[in-house]
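*Asks:* sequence first, then the predicted structure, then my questions.
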Amino acid sequence: QVQLVESGGGLVQAGGSLRLSCTASGPGFSRYAMGWFRQAPGKEREFVAVVTWHGIMTYADSVKGRFTISEVNAENTVYLQMNSLNLEDTGVYFCASDLTAATVQGGKAKYWGQGTQVTVSS
């Protein structure tokens, strides 16, 4: 069974930075797209970013220019560098993975992590 484990969340002041990581483990995990979603209190889960196995990245408009997704294929790990954080970035961040970036971006990924909390304070 494939498992995704996130880390790196926490409390940060507005304007600050955080880096999230997500590592996949389990049999057969190879050449998967990996991405991030977030869910703010009282809101639906929303797409943040995704990267394909070949390194093609896609971002939500709300995070373009502030967040950077990257991956280390050899380690089955994806990172999300978050800069210039604002109050609207607060939420639980989930890692997701599937064979294609489109599947991940559409919220239909087969594998999901448990989430890590990011709280941005004023």
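*Replies:* Thanks, I have it.

*Asks:* count the neighbours of F29 for me.
*Replies:* If you count neighbours by other C-beta atoms under 10 Å, F29 ends up with 15. Just so you know, the C-beta spots here come from the backbone N, C-alpha and C atoms, and that holds for glycine as well.

*Asks:* any idea of the pLDDT on it?
*Replies:* Per-residue confidence at F29 stands at 81 (pLDDT).

*Asks:* next one: S97 from K64, what distance?
*Replies:* 22 Å (C-beta to C-beta, to the nearest Å).

*Asks:* just want to know which of the two has more residues nearby.
*Replies:* Taking other C-beta under 10 Å, S97 and K64 do not tie; S97 has more neighbours (23 against 10).

*Asks:* the more buried one: what secondary structure?
*Replies:* The three-state label for S97, taken from DSSP: H, G, I helix; E, B strand; the rest coil, comes out as strand.

*Asks:* got the contact list for it?
*Replies:* Counting by C-beta atoms under 8 Å, 6 or more residues apart in numbering, S97 makes contact with V2, L4, A24, F29, Y32, A33, M34, G35, V104, A109, K110, Y111.

*Asks:* give me the lowest-pLDDT entry from those residues.
*Replies:* Least confident of the contacts of S97 in the model: F29, at 81.

*Asks:* can you tell me the closest non-neighbouring residue to it?
*Replies:* V2 (5.0 Å; C-beta to C-beta, 6 or more residues apart in numbering).

*Asks:* and the one you found, backbone torsions?
*Replies:* phi -70, psi 140 (degrees, to the nearest 10).

*Asks:* that one: how many residues sit nearby?
*Replies:* V2: 14 surrounding residues under other C-beta under 10 Å.

*Asks:* correct me, but it touches S25?
*Replies:* Yes: under the criterion of C-beta atoms under 8 Å, V2 makes contact with S25 at 7.1 Å.
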